Structures are given as structure tokens and as C-alpha cells.
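Chemist: Provided below for reference: sequence and predicted model.
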Amino acid sequence: MFNKYSSIILFVVVSFFSLQSQSDSNIWTYIVGKVKSSSPVNNELYLEECGACHLAYHPGLLPSRSWIRLMNPNELLDHFDEDISFDEAPIYYSLINYLITNSADQSSHRRSRKILRSIEESDMPIRISDTRYIRRKHHEIPKDLITQKEVGSLSNCGACHRSADDASFDDDNVRVPNSMFRLWDDD
């Protein structure tokens, strides 16, 4: 009797886990506990060079092709209206190596995999806020709360995510300035 239904059972099991892997609420969270969605940046050079001006975004928030584009010397001449070209080649190569090695396509973290799935293979976004995943996670927040001076844009993660420096974007740590707005879905 098992052989008779084994194909159907296998199909149902494979379908279930396939859908779960694409879901924000994964069955493994309930079975083995919370899966770490990302890890904090621990590269001192990256924290010093990039974190001096803005949040040192975890490299797993973009694919390597985006980091390569973002670190292109021509892009660095106008890095979001700033010239941040590096005088010393070892610093530049160390930074780009760190970003590529820890990019979304090299990461095993849940959030990185979700971000990567939300980007077309031909796309090379240079803003984390341009990914479908990030836009979808913030779609319920009224635009005026995002554009207020205390936040400015989705790129200012730390304005609302109190533990952004530790790469913790858990909804329990979200406080949108000047509002009672809260996110309730997990990760």
C-alpha cells in the first residue's frame, strides 16, 4: 500500500518544503527555534572606512555583483554625492574582498537568501532599499513616516531598527519615530 501512495506522499512533502523555503514563516523556526537571519559586521576596516559615514550595511544585504558595481572606481567618485575614492589599493582590495566574500550569494543567512531571491539575475542594485524584499518588508509603512526628517529614507535602517548595528532587524526592536507604527510580521 505504501508503494501505491509513495509518489503522492513524496510530491506533497517536496511541495511543502519548497513552499516553506520561500516563505517568511518557515516550519524549521518552530521545530528547531529561530534561525539567525544575519550576523553583525565584524570587519574593523569596513566599520572604519564605511561605517564612519553611514551604517556599515551587512554585505549579505546585496549580491556580489552589486558590491562590485558599488565599489567600481567610477562609482566611488560619486558615491551618493560623495567622492570616496581610496588612495591606497590594499584598503580598496581588502574592502571589496570582504564585501564579495560575505555578499548575499555567499551567505547562508535567511535574510540574505530572501533578498537574493527578490533580485533578478540581471539586476545590480546599489541601494539595499531598491530590492523587492526590503520594499515589501516596508510596504505598510506610510510614506510620510519614512520621509520625515528623523528617518529620511529606507536606507537609514538605524532610525527605526534599534539594533541595526548588530544586524538585528527583529520586529520587536522596531520603533518608527513620531508614530505608534509597528511591524508585526516576523523578519
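Modeler: Okay, I see it.
Chemist: measure the residue nearest in space to the middle of the chain to residue 43 for me?
Modeler: Against the mean C-alpha coordinate of the chain, by CA atoms, centre = their mean, the closest residue is residue 61 at 3.0 Å. Residue 61 is 14 Å from residue 43, where distance means CB to CB, to the nearest Å. Backbone N, C-alpha and C define where each C-beta goes, glycine included.
Chemist: so, low pLDDT: which residues of the chain?
Modeler: 1-38, 181-187 (pLDDT under 70).
Chemist: can you do 90?
Modeler: Within the chain, the stretches with pLDDT under 90 are 1-42, 51-55, 73-89, 107-111, 140, 155, 158, 162-175, 178-187.
Chemist: domain-wise, how is it divided?
Modeler: 2-32, 44-173 (automatic domain parsing).
Chemist: can you say which of those is packed in most?
Modeler: Here the criterion is mean neighbour count by mean count of other CB atoms under 10 Å, and of the domains of the chain the winner is domain 44-173, at a mean of 16.
Chemist: now the end-to-end length of it.
Modeler: Taking CA to CA, to the nearest Å, domain 44-173 runs 25 Å from one end to the other.
Chemist: from now on call the first residue 607
Modeler: OK, 607 is where the count begins now, so the last one is domain 650-779.
Chemist: chain center to it: distance?
Modeler: Relative to its chain's centre, domain 650-779 lies at 7 Å (CA atoms, centre = their mean, to the nearest Å).
Chemist: many thanks, I have nothing further to ask.
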